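> whatever this is, show me its structure:
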Amino acid sequence: MHENTQEITDIILMAAKNAQMETSGEPEPEMTQPIQWPVQCTIGPGLEGGIACETKIGYVNGSKGWLIYRGYNIFDLCAKSSYEEVSYLLLHGSLPTSRAFKIFQKKLVDYRYLNKTLRLLMGFPVEDMNTMGALRMGVSMMRQEFTFRDQKEGHDFGEVIGSDEDSIPMELKPWGDKHAIYEFNNPDVPHKSTLDENLEEAFGVEACYHLISGVSTIAAAVTRVRQGRVPIEPDPGLSHAGNLLYMMTGKKPTPIEERIMDVALILHADHGMNASTFAAMVVASTQSDIYFSVGSGIAALNGPLHGGANEQVMLMLEEIGRPENVKKWLERTLNKKGKVPGFGHRVYKAYDPRARVLGPLAKFLAKKNSKARNVLSIAKELEKQMTERLGSQKKIFPNVDFYSGIVYSCLGVPSAMFTPVFAVSRVAGWTARVHEYLHNNRIFRPRAMYTGEFNKELLPINKRR
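Numbering: from 1, shown residues only. Sure thing, here's the model as predicted:
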């Protein structure tokens, strides 16, 4: 599967060994068992700590630095699997057989061609747009091209739910009443016979495949257009990761480059109920479609508190300039209570397992790249000083973004495309979690605590101050 890339496998296995030495024990019992509704939990602002659903897709243990996909450790998946296999695993719950994998791969190859969508996209000033905005627009154009939803008959959902049936139970305690659970499929919706039935439904598993392939093609096309070049057609002989690099850079990647990008995509494929995943699931829970759901995930990932930190890391390292400047820069930043991009995580209070892999990969790539060697030397010195100051006391360590920018830069990915590449990978997680949730759908409906006034007098406009 990974021809001539044993060096990369060895790097991953060493990262796994280091992680195993530092973390041990059993999963959190309170977070790894079926829910008995209603559930009691401590919830902070922004629903922090709230339990929204059950999942079998992924598990993050922040105190130990674990990341699990469908029962498989992230290190094993990076060492022995591929992004295509991991995407199948996340969606279907098991790794594919040889026959299933061939069928899946062929679908990914077919769905990678988006000629009409790209023509529509290039009618907009993509070179002047926010890259995530362009990516989100491309997904909307995929929806328009490949589904019936924007046609007149696509707006007729029949009697799917009644408004009272939806809203009244959700204003009460969430007991999980059976009558408030709805099926996502609606057999009464008319279909066009000219398209694949599952795909045109705009929320079936075929649409998930379509998005996993198509978002990659759109991201690559955005890269090319921003460089004043025309998009490149995919190569059916290359892997998903290989095609992404080829369509972005215009040159066939080496087996090492292809493998490293593949590992990076695996590492970013899923990560619990993060903001973008939650955004995608909220939209889908209304019985909207998977294209709008993924578009919402892209929009959430665009926020600087979620995606894009690796781009800020690269700017920070460039600002520091040299390893000997780290101490002075760090003291000045911490004294001003400033943030250091690429350090700390909302969930992890241990070394991020993704950073354990990306750090050594950045070092490997920097061997033949003098500019990257200097940037990496600054990064390593910053990591050393940050962990000495804040590691043991405040549990602040490098996160996934600290080294990923260096890796992407060495692979020829422009910094403006770092977050779109993140989205390309995360489509697998978004679609898998949406697909899982919709089997037992309940529209998301949290409440807000009202702290406003009552019984105010409504004055005529000429008496208002």
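
> okay, now N441: neighbour count?
Counted with other Cβ atoms under 10 Å, the neighbours of N441 add up to 19. Yep, even glycine has a C-beta here, placed from its N, CA and C like the rest.

> just the strands from this structure, written as ranges.
With DSSP state E as the criterion, the chain has strands at 58-61, 66-69, 72-73.

> and the chain, what are its domain boundaries?
Here the domain parsing of the chain from automatic domain parsing is 82-156+163-304+422-440, 309-410.

> how many neighbours does G50 have?
13.

> closest to G44 out of the domains of the chain?
With Cβ to Cβ, the closest approach to G44 among the domains of the chain belongs to domain 309-410: 10.9 Å.

> just the terminal-to-terminal distance for that closest one.
17 Å (Cα to Cα, to the nearest Å).

> one more: stretch 223-232?
For stretch 223-232, the end-to-end distance is 10 Å (Cα to Cα).

> before we move on, back to that, using CSV, lay out the domains of the chain together with mean neighbour count and mean pLDDT.
Shown next, in CSV, are the domains of the chain (neighbours: other Cβ atoms under 10 Å; pLDDT from 0 to 100):
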stretch, mean neighbour count, mean pLDDT
domain 82-156+163-304+422-440, 19, 85
domain 309-410, 19, 91
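
> just put those in a markdown table and tack on distance to I35.
Shown next, in a markdown table, are the domains of the chain (distance: least, Cβ to Cβ, whole Å):
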| stretch | distance to I35 |
| --- | --- |
| domain 82-156+163-304+422-440 | 9 |
| domain 309-410 | 19 |
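
> closest one to A15 among these?
Across the domains of the chain, closest to A15 is domain 309-410 (Cβ to Cβ), at 4.3 Å.

> and A19, how many neighbours does it have?
22.

> on that earlier part again, any chance of the strands of the chain in CSV, plus distance to E145 and mean neighbour count?
Listed next are those as CSV, based on distance: least, Cβ to Cβ, whole Å; neighbours: other Cβ atoms under 10 Å:
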stretch, distance to E145, mean neighbour count
strand 58-61, 31, 21
strand 66-69, 31, 22
strand 72-73, 35, 16
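
> okay, those in JSON lines with distance to V413 and mean pLDDT next?
Shown next, in JSON lines, are the strands of the chain (distance: least, Cβ to Cβ, whole Å; pLDDT from 0 to 100):
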{"stretch": "strand 58-61", "distance to V413": "25", "mean pLDDT": "90"}
{"stretch": "strand 66-69", "distance to V413": "23", "mean pLDDT": "93"}
{"stretch": "strand 72-73", "distance to V413": "27", "mean pLDDT": "96"}
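
> among the domains of the chain, which is nearest M21?
domain 309-410 (11.3 Å).

> hang on, the earlier thing: looking at the strands of the chain, which is closest to A432?
strand 58-61 (8.5 Å).

> for the chain, longest helix please?
helix 205-226 (DSSP state H).

> now find how far off-centre that helix is within its chain.
Distance of helix 205-226 from the chain centroid (Cα atoms, centre = their mean, to the nearest Å) equals 14 Å.

> what's that helix packed up against?
Applying 3 or more Cβ pairs under 8 Å, 6 or more residues apart in numbering; DSSP states H and E, one finds that helix 205-226 makes contact with helix 83-92, helix 98-111, helix 115-121, helix 131-146, helix 197-200, helix 240-249, helix 290-301, helix 418-437.

> can you lay out those as JSON lines showing distance to N18?
Formatted as JSON lines, the helices and strands packed on helix 205-226 follow (distance: least, Cβ to Cβ, whole Å):
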{"stretch": "helix 83-92", "distance to N18": "22"}
{"stretch": "helix 98-111", "distance to N18": "31"}
{"stretch": "helix 115-121", "distance to N18": "43"}
{"stretch": "helix 131-146", "distance to N18": "34"}
{"stretch": "helix 197-200", "distance to N18": "43"}
{"stretch": "helix 240-249", "distance to N18": "25"}
{"stretch": "helix 290-301", "distance to N18": "29"}
{"stretch": "helix 418-437", "distance to N18": "24"}
